[in-house]
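>>> Fold the following.
(2 chains)
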Amino acid sequence: MNQLTVEEIRETGRTILQIAGPVNSYTFTDFQEKIFKAVRRSDIVVDMEKVTTLSSAGLGVLMAAMEDAEGAGRKIWILRPSEIVRLAIESTGFSDRFPVAQSMKDLA
Amino acid sequence: MTDPSKSPGFSTRLPGDRSAIPRFEDWLDRAAIPDPRLRDRVRLAGLEILDNLIRHSGPLEGGSVRTSLRLRAGGARLVFSFRSVKFRSFARGGKNPRTGYNIEDGRWRGLGLVMVAFLTLHVRYVSDARSDRVEAEF
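Residues are numbered from 1 along each chain as shown, chains lettered A, B, ... in the order given. Next up is the predicted model:
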């Protein structure tokens, strides 16, 4: 799969972004646009179960969105990260900055 | 293109532009890397290195990157070989770009280098008479 898809589901008080495919410097723009818009209006859940790769470009978007969210008093969760997403996050040395949940029930 | 699953040493020639990214992934998908953790490390680090080559070392002379993967017990060696004037000056004493959060544009810089350092045992940037290349050990 070489295409990235970003599905947006709006719920009361939060937005769920379901991401599938590779997140890299050539595919991340749709993800970037949607997460930066969403963080202005609600908390965000980023479902990354079907993400096949996550590059520094994609991680940079996530980290910048988290900075914006903190500034706006909002939260971002990473839901069900695939193994490669977990490894990518770990490789940045900033694992503690990424709140991870395995199910929607785990979201505080 | 050599099918990685049918050769002890796997190699391919990738274009020196963004179309190399999905082609590298497709090629790596066929590699018989038995350890999933090692496979993910090679994939993430390889994509970062290749993406940086294309974006910062281009245009590559000849317009392509020769990519090879060799598996050994418990590890792997991934090499990107090419020709690039920009890379040559970097490999022969250029400084690594600064990494960190750039407060002015709100973006992270050099995160890929941090990732590659974590994901590999070591990386060598080489420029000699044979070629310019990045050699990554896992």
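
>>> near chain B, which residues of chain A show up?
Contact residues, chain A versus chain B (CB under 8 Å from any CB of the partner chain): A:2, A:22, A:24-26, A:52-57, A:59-60, A:63-64, A:67-68, A:83-84, A:87-88, A:90-93. Yep, even glycine has a C-beta here, placed from its N, CA and C like the rest.

>>> Go through the residues you listed and flag which are in strands.
Cross-referencing these against strands under DSSP state E gives A:22, A:52-54.

>>> Quick one: the helices in chain A, in order.
For chain A, the helices defined by DSSP state H occupy A:29-38, A:56-71, A:83-92.

>>> Switch those helices over to TSV; also include mean neighbour count.
Output for the helices of chain A, formatted as TSV (neighbours: other CB atoms under 10 Å in any protein chain shown):
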stretch	mean neighbour count
helix A:29-38	17
helix A:56-71	21
helix A:83-92	21
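
>>> Which one of these lies nearest to B:F80?
For the helices of chain A, proximity to B:F80 was assessed by CB to CB; helix A:56-71 is nearest, at 16.8 Å.

>>> Find the residue at the geometric middle of chain A.
A:V46 (3.9 Å; CA atoms, centre = their mean).

>>> nearest residue to A:V61 other than its sequence neighbours?
Nearest in space to A:V61, with sequence neighbours left out and distances taken as CB to CB, 6 or more residues apart in numbering or on different chains, is A:Q32 at 4.7 Å.

>>> between the helices of chain A, which one is nearest to B:F90?
Of all these, helix A:56-71 comes closest under CB to CB, at 17.9 Å.

>>> CA atoms only for that closest one, dumped as CSV, please.
The C-alpha trace of helix A:56-71 is given here as CSV (Å, rounded to 0.1, in the frame of the first residue of the first chain):
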residue,chain,number,x,y,z
SER,A,56,10.3,11.7,10.7
ALA,A,57,8.1,13.9,8.6
GLY,A,58,4.9,12.3,10.0
LEU,A,59,6.3,12.3,13.5
GLY,A,60,7.2,16.0,13.1
VAL,A,61,3.5,16.7,12.3
LEU,A,62,2.3,14.8,15.3
MET,A,63,4.8,16.5,17.6
ALA,A,64,3.9,20.0,16.3
ALA,A,65,0.2,19.2,16.6
MET,A,66,0.8,18.2,20.2
GLU,A,67,2.6,21.5,20.9
ASP,A,68,-0.5,23.2,19.4
ALA,A,69,-2.9,21.1,21.5
GLU,A,70,-1.1,21.9,24.7
GLY,A,71,-1.2,25.6,23.9
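
>>> And for that helix, what's in contact with it?
A:23-25, A:28, A:31-32, A:35-36, A:39-40, A:43-44, A:46, A:75-76, A:78, A:88-89, A:92, A:94, A:97-98, B:48, B:51, B:101, B:106-108, B:111-112, B:114-115 (CB atoms under 8 Å, 6 or more residues apart in numbering or on different chains).

>>> So what does residue 42 look like in phi/psi?
Because you didn't say which chain, this covers chain A. With angles defined as degrees, to the nearest 10, A:S42 sits at phi -160, psi 170.

>>> nope, chain B
Dihedral angles (degrees, to the nearest 10) for B:V42: phi -60, psi -40.

>>> Where does pLDDT dip in chain B?
Across chain B, the ranges flagged by pLDDT under 70 are B:1-9, B:94-109.

>>> Could you rerun that using 80?
Across chain B, the ranges flagged by pLDDT under 80 are B:1-9, B:32, B:58, B:92-109.

>>> Can you show me the strands along it?
Taking DSSP E, the strands of chain B run over residues B:9-15, B:64-72, B:75-82, B:100-102, B:107-109, B:122-127, B:132-137.
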